[in-house]
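*Asks:* Just the structure for this:
(one chain, ligands or ions: 2)
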Amino acid sequence: MIIGLTGGIASGKSTVSNLLRSYGLPVVDADVIARQVVEQGHPAYEKIVEHFGENILDDAGNIDRKKLGSIVFTNEEKRLVLNGIVHPAVRLEMKNEAAVHLKESSHVILDIPLLFESELTHMVDRTLLVFVDEASQLSRLMKRDGFTEAEAKSRIAAQMPLKEKVQLADAVIVNNGSLEELKNQVEIQLREWKMI
Ligand SMILES: CC(C)(COP(=O)(O)OP(=O)(O)OC[C@H]1O[C@@H](n2cnc3c(N)ncnc32)[C@H](O)[C@@H]1O)[C@@H](O)C(=O)NCCC(=O)NCCS
Ligand SMILES: Nc1ncnc2c1ncn2[C@@H]1O[C@H](COP(=O)(O)OP(=O)(O)OP(=O)(O)O)[C@@H](O)[C@H]1O
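*Replies:* Ligands and ions are numbered 1, 2, ... in the order given. I've put the predicted structure just below:
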């Protein structure tokens with residue numbers, strides 16, 4: 001079974017992923033792959049430089065994620081261009097990695113932040129959403145990444161509202177409370193789906 005794990009920015013997907021890994025379940029992380037496919041030497045890197053110019057590079061010639069982020073999270077058109085370059089390479093690599101895990105495990109989790117926005121539910125059998133209320137999401141995002149309120153809000157606004165994602169998901173984990181409460185909900189869900 002392939003589980004699509006999703007949520008909003010800073011809703012707690014990575015925290016849930018780590019809990020899932022602690023049960024020995026394999027997790028493929030779209031954010032990690034999205035970083036690998038834009039490293040120097042990869043086709044997506046060339047396309048990004050061609051489109052966004054060399055001023056988005058750091059001194060070593062790597063993509064400066066802060067600079068690129070400040071462009072694409074304030075300009076939807078540019079964000080869609082970036083998505084069009086990066087997402088096909090991410091999808092391909094995720095499928096490959098999932099297939100490798102499924103040779104040895106009966107379950108694999110795909111952690112895909114934009115699972116619903118990019119209409120990728122055909123890649124998975126079930127969807128699991130990590131929900132968080134707006135105030136906790138904003139404060140956790142500002143604290144984790146050191147963003148101003150405006151920066152954090154522009155990133156949240158680049159995604160489908162979490163309330164809409166709740167309607168689309170097969171199961172929802174609510175992450176407004178403590179890590180202990182989160183852990184309990186994950187365990188209950190895994191038992192319900194007979195994954196542990
Ligand atoms: C703009 C970039 C360079 C900013 O990098 P940065 O290191 O600051 O953020 P990181 O990649 O760790 O993403 C953090 C979170 O931002 C959100 N996010 C990232 N990209 C997008 C996007 N294109 N649209 C909406 N939300 C996004 C996700 O919730 C993600 O978990 C980077 O996010 C990127 O290349 N994005 C395009 C690829 C993408 O969509 N990745 C997300 C999953 S495939
Ligand atoms: N229940 C909780 N209580 C307090 N802090 C939490 C809780 N859950 C997550 N956090 C913190 O909130 C921040 C966001 O969580 P996490 O990184 O897991 O989110 P994410 O959904 O993976 O984010 P992104 O979409 O940016 O990758 C982190 O700093 C994490 O430690």
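*Asks:* So for Asn75, what's the pLDDT?
*Replies:* Here, the pLDDT recorded for Asn75 equals 97.
*Asks:* Now for the residue nearest the centre of the chain: which residues touch it?
*Replies:* Closest residue to the average C-alpha location of the chain: Pro113 at 2.9 Å, with C-alpha atoms, centre = their mean. Applying C-beta atoms under 8 Å, 6 or more residues apart in numbering, one finds that Pro113 lies in contact with Thr6, Gly7, Gly8, Ile9, Lys13, Ala30, Asp31, Gln159. (Each C-beta comes from the backbone N, C-alpha and C, glycine too.)
*Asks:* Can you get me a residue count around the fifth one?
*Replies:* By other C-beta atoms under 10 Å, 25 other residues sit near Lys13.
*Asks:* quick one: the residue sitting furthest away from the middle of the chain from Pro88, how far?
*Replies:* Among the C-alpha atoms of the chain, the one most distant from their mean position (C-alpha atoms, centre = their mean) is that of Asp59, at 27.5 Å. In this structure, Asp59 and Pro88 are 29 Å apart, going by C-beta to C-beta, to the nearest Å.
*Asks:* which stretches of this structure form strands?
*Replies:* Ranges of strands in the chain, per DSSP state E, are 2-7, 27-29, 108-111, 126-131, 171-174.
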